[in-house]
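*Asks:* Sequence plus predicted model, see below.
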Amino acid sequence: MRDGDKSAEGPVFELVYKELRRIAGQIMSGERPGHLLQPTALVHEAYIRIFDGKSVDLSDRNHFFAIASVVMRRVLIDYAKAVRTQKRGGQAQRVSLTDIQLFAETRPEQFIELDAALEKLAKITPQYGQVVELHFFGGLTFDQIAEVMDISSRTARRHWEAARRWLDGELNGWTDDAGGMGESQ
């Protein structure tokens, strides 16, 4: 595929489909029964957006999952925005930031708030934003994140914990206006 061979796309999709489906299933596991966006649809939409008739330069499997995590995030945000547009209102709930449970416990408005907070975090500390995206949306382990980002697994975990605390504060109104960021928080 890297060399432009379109016939390789099918076998590559078969190789990554099971893992993408597992990640999407985790993300969607807490959604209400009958939710319009199912894990299979999320995987297919993400795959279409990645390979939409263009050649993608992927260095390895982890690089693919890093890209897929970004695209899945975009699909989920687009979906949440569409749902919010259709039905406004509702009382805000406190958002708990614990791995994949976060999305499962949120409503579309909260997911959009998470996206905005994650964008803000990425501007303050890009590595933290990337770790959240890879772990939460991509389902990558800290070892895999370390490999993708060329950092240690321990550093990836520290970045995740600091980012999670900051996002929790941002979403629940606990951070200062400067967006106080640091690993000692």
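*Replies:* Received, thanks.
*Asks:* Next, count neighbours for residue 156.
*Replies:* Look at residue 156: counted by other CB atoms under 10 Å, it has 25 neighbours. To be clear about C-beta, it is placed using only N, CA and C from the backbone, and glycine gets the same treatment.
*Asks:* quick one, what contacts it?
*Replies:* 131, 135, 142-143, 145-146, 149 (CB atoms under 8 Å, 6 or more residues apart in numbering).
*Asks:* Would you list the buried entries among those?
*Replies:* Among the contacts of residue 156, those that count as buried by neighbour count (16 or more other CB atoms under 10 Å) are 131, 135, 142, 145-146, 149.
*Asks:* Just give me the least confident of these.
*Replies:* Minimum pLDDT across these is recorded for residue 135, with 86.
*Asks:* Can you identify the element that follows the helix or strand bottoming out on mean pLDDT in the chain toward the C-terminus?
*Replies:* Among the helices and strands of the chain, helix 101-105 carries the lowest confidence by mean pLDDT, DSSP states H and E, at a mean of 45. Counting by DSSP states H and E, the element after helix 101-105 in chain order, helix or strand, is helix 108-124.
*Asks:* Which strands and helices lie in contact with that following helix?
*Replies:* With contacts defined as 3 or more CB pairs under 8 Å, 6 or more residues apart in numbering; DSSP states H and E, the packing partners of helix 108-124 are helix 61-86, helix 126-132, helix 153-171.
*Asks:* center of this structure - which residue?
*Replies:* residue 137 (2.2 Å; CA atoms, centre = their mean).
*Asks:* how about residue 19, what does it touch?
*Replies:* Neighbouring residues of residue 19 by CB under 8 Å, 6+ apart: 65, 139.
*Asks:* Begin at 45 from now on, thanks
*Replies:* Renumbered: residue one is now 45, and that last one reads residue 63.
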